[in-house]
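A.B. asks: one predicted model, sequence on top.
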Amino acid sequence: MSNNSNHSYVKEVAERGVRAYRLLRSYDDDACVNLHHGDCVIPPHPVIRNALREVADKMEIWRETKRGGISVELNRYRVGSLMIMPELREAILDDFSKSMPSTFNRTNAVVHIGGGVTQLVAALFNHFRQSNDIILMFAPTYGAFLCAALTVCSNIRLVKPTSNGQITPEHIEKALDECPEAKGIFLINPNNPTGQYFRKEELEKIAHLIIERDLIVITDEVVHKLVLDTNNKFISMASIEVDGKSMFERTITLRSVSKDHGLAALRLGYAIGSEELMNTVRISWFTYATSFNIDDLAQYLAFIALSYTPDEYYKFQQDLLRCHSDIVITFVEDINRRASYEALKAEQVSAGMFQIIDLSGLRGKLYNETILDDDHVLCELLLQDGKNGVGFFPASCGGYDPRDMKLRLTLSSPEQDISLGMKRLDDFVQKVLRFN
Ligand SMILES: Cc1ncc(COP(=O)(O)O)c(C=O)c1O
């Protein structure tokens, strides 16, 4: 893909996202069921609420608080700061170490914090614009990253999706062959919206490619605790070793408390990498410039979330997401059975909070004199002017072809919303099939 056609692909996909958000937002106050949001359905664990109460009680003094015997001096961090609380740094590294081999030496790790993974991605892209380096991203991806790249005029390449949306080592190798000047690759593991996460053999194959070509990897692991497939555990790219070489040296891992702790509003993400690698990328330059960076309250709550959320909380989220995916699939099977036609397709989700529903079975059919030929049109019609409507997110906003007619449903929505939304989708499908 030439530079120009790549830029227009990135722009086109980013613009689809902005257009979809604008459309969906305009129905937020209506009787429409919102199945397009990106929030967690479970409130943060009570440890967060208790910590907030504790801080609120001390607001006047605003000096220190104690949790589990650790005293945190809040007044040192009263204003937003580039500094990371030592306690938070340790909590991040404790959590990260769980994904790493026992030989992992955390003294060599550098941690940066930012306003969520999204701000850190913008910071990294800004760095790569300055260093004139190309990073390869793979569709389907999280659309906000494309807006971040365009905002900082970064030279990222967005590689078109494979026919089933799966990103394979072979797909990555081909993209690297076509762009030998690339400095590195950007992986979302597990992916939004597909939920794909890489198996050990795949990570090793990708690691070989990276080491062989002397590249780096940026890996977004924002939903790594939300793995639903009990047969395959999540493996972090940074933990991979091939031929005695550790991928930690070449990997910047991005995580946040947004998704797996239900704290998206907290705006706290972190980037972890080896000192050698992190010293070559200018992250603070951007985070300092765009906000003065992360305030003490957000740091304290992130510290609590990472240190004290019990494993049962994540398990509860996983069970709920799995159960919601089952509900969607049962609806899809029922709808098709009643229509005696495969109007919809949906597969069991392996990780993350999203379910893709493929409506390509309706492609070319008419609804209210409108031809159903792309996912934005579908999305708009399903909103039904706010009456008995349902809001899904068009999957083309992550890089799928709009004609694939894929919609993204948020599995972390309340069960009653999922059932009502699927019922409304059912009514829509039956109407379309009756008229055609
Ligand atoms: C893959 C992925 N990365 C990052 C984010 C946003 O993370 P943060 O809230 O930390 O900016 C999202 C939000 O949906 C996401 O899906």
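C.D. replies: Received the coordinates, thanks. Given the structure is predicted, the values throughout are model-derived calculations rather than measurements.

A.B. asks: tell me the domain ranges of the protein?
C.D. replies: The chain breaks down by automatic domain parsing into domains covering 3-42+313-435, 46-309.

A.B. asks: worst average pLDDT in the ones you listed?
C.D. replies: Mean pLDDT is lowest for domain 46-309 out of these, coming in at a mean of 91.

A.B. asks: count of neighbours near residue 249?
C.D. replies: Residues within reach of residue 249, counting by other Cβ atoms under 10 Å, total 15. C-beta here means a position set from N, CA and C on the backbone, and glycine is covered the same way.

A.B. asks: isn't it right up against residue 274?
C.D. replies: Yes: between residue 249 and residue 274 there is a contact under Cβ atoms under 8 Å: 5.1 Å.

A.B. asks: what residues does the stretch 251-400 of the chain put near the ligand?
C.D. replies: Taking Cβ under 6 Å from any ligand atom as the contact definition, the stretch 251-400 of the chain meets the ligand at 256, 258, 264, 269.

A.B. asks: quick one, phi/psi of the spatially most central residue of the chain?
C.D. replies: The residue lying closest to the centre of the chain (Cα atoms, centre = their mean) is residue 192, at 4.9 Å. The phi/psi pair for residue 192 (degrees, to the nearest 10) reads phi -110, psi 120.

A.B. asks: and what of the one 4 residues further on?
C.D. replies: Note on residue 196: backbone dihedrals following degrees, to the nearest 10 are phi -60, psi 130.

A.B. asks: distance of it from the ligand?
C.D. replies: According to Cβ to the nearest ligand atom, to the nearest Å, residue 196 and the ligand sit 11 Å apart.

A.B. asks: what do you get for residue 208?
C.D. replies: From residue 208 to the ligand the distance is 25 Å (Cβ to the nearest ligand atom).

A.B. asks: and the residue of the protein closest to the ligand?
C.D. replies: residue 116 (2.5 Å; Cβ to the nearest ligand atom).

A.B. asks: do I have it right that that residue meets residue 268?
C.D. replies: Yes: Residue 116 is within contact range of residue 268, at 6.8 Å (criterion: Cβ under 8 Å).

A.B. asks: what is in contact with these two at once?
C.D. replies: residue 256 (Cβ atoms under 8 Å, 6 or more residues apart in numbering).

A.B. asks: looking at these two, which is more packed in?
C.D. replies: Set residue 116 next to residue 268 and count neighbours by other Cβ under 10 Å: residue 268 wins out with 28 against 24.

A.B. asks: for that one, give me its contacts.
C.D. replies: Listed by Cβ under 8 Å, 6+ apart, the contact set of residue 268 reads 113, 114, 115, 116, 256, 257, 294, 298, 299, 301, 302.

A.B. asks: okay, those residues in JSON lines with distance to residue 219 next?
C.D. replies: Below are the contacts of residue 268 laid out as JSON lines (distance: Cβ to Cβ, whole Å):
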{"residue": "113", "distance to residue 219": "17"}
{"residue": "114", "distance to residue 219": "16"}
{"residue": "115", "distance to residue 219": "19"}
{"residue": "116", "distance to residue 219": "16"}
{"residue": "256", "distance to residue 219": "13"}
{"residue": "257", "distance to residue 219": "17"}
{"residue": "294", "distance to residue 219": "21"}
{"residue": "298", "distance to residue 219": "23"}
{"residue": "299", "distance to residue 219": "23"}
{"residue": "301", "distance to residue 219": "24"}
{"residue": "302", "distance to residue 219": "20"}
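
A.B. asks: between those residues, which sits nearest residue 319?
C.D. replies: Within the contacts of residue 268, distances to residue 319 taken as Cβ to Cβ reach their minimum at residue 257, with 20.2 Å.

A.B. asks: pull out the buried positions in the lengthiest helix in the chain.
C.D. replies: With secondary structure taken from DSSP state H, the chain has its longest helix at helix 311-339. Going by neighbour count (16 or more other Cβ atoms under 10 Å), the buried part of helix 311-339 is 313-314, 317-318, 320-322, 324-325, 328-329, 331-332, 335-336, 339.

A.B. asks: by contact count, what packs against the following helix or strand past that helix?
C.D. replies: Remark: after helix 311-339, the chain's next helix or strand is strand 354-358, criterion DSSP states H and E. Counting by 3 or more Cβ pairs under 8 Å, 6 or more residues apart in numbering; DSSP states H and E, the packing neighbours recorded for strand 354-358 are helix 311-339, strand 406-410.

A.B. asks: what residues does the stretch 51-200 of the chain have near the ligand?
C.D. replies: When proximity is defined as Cβ under 6 Å from any ligand atom, the stretch 51-200 of the chain approaches the ligand at 116, 117, 118, 142, 188, 192.

A.B. asks: related to what we said a few turns ago, which residues sit in contact with the residue of the chain closest to the ligand?
C.D. replies: Counting by Cβ under 8 Å, 6+ apart, residue 116 touches 256, 258, 264, 267, 268, 269.

A.B. asks: doesn't the second one fall inside a helix?
C.D. replies: Spelled out, that is residue 258. No: according to DSSP: H, G, I helix; E, B strand; the rest coil, the state of residue 258 is coil, so it is not within a helix.

A.B. asks: what's it in contact with, if anything?
C.D. replies: Here residue 258 is in contact with 116, 117, 222, 264, 266, 269 (Cβ under 8 Å, 6+ apart).

A.B. asks: wait, the third one touches residue 261, no?
C.D. replies: In this case it means residue 222. No: if you go by Cβ under 8 Å, residue 222 and residue 261 don't touch, sitting 10.8 Å apart.
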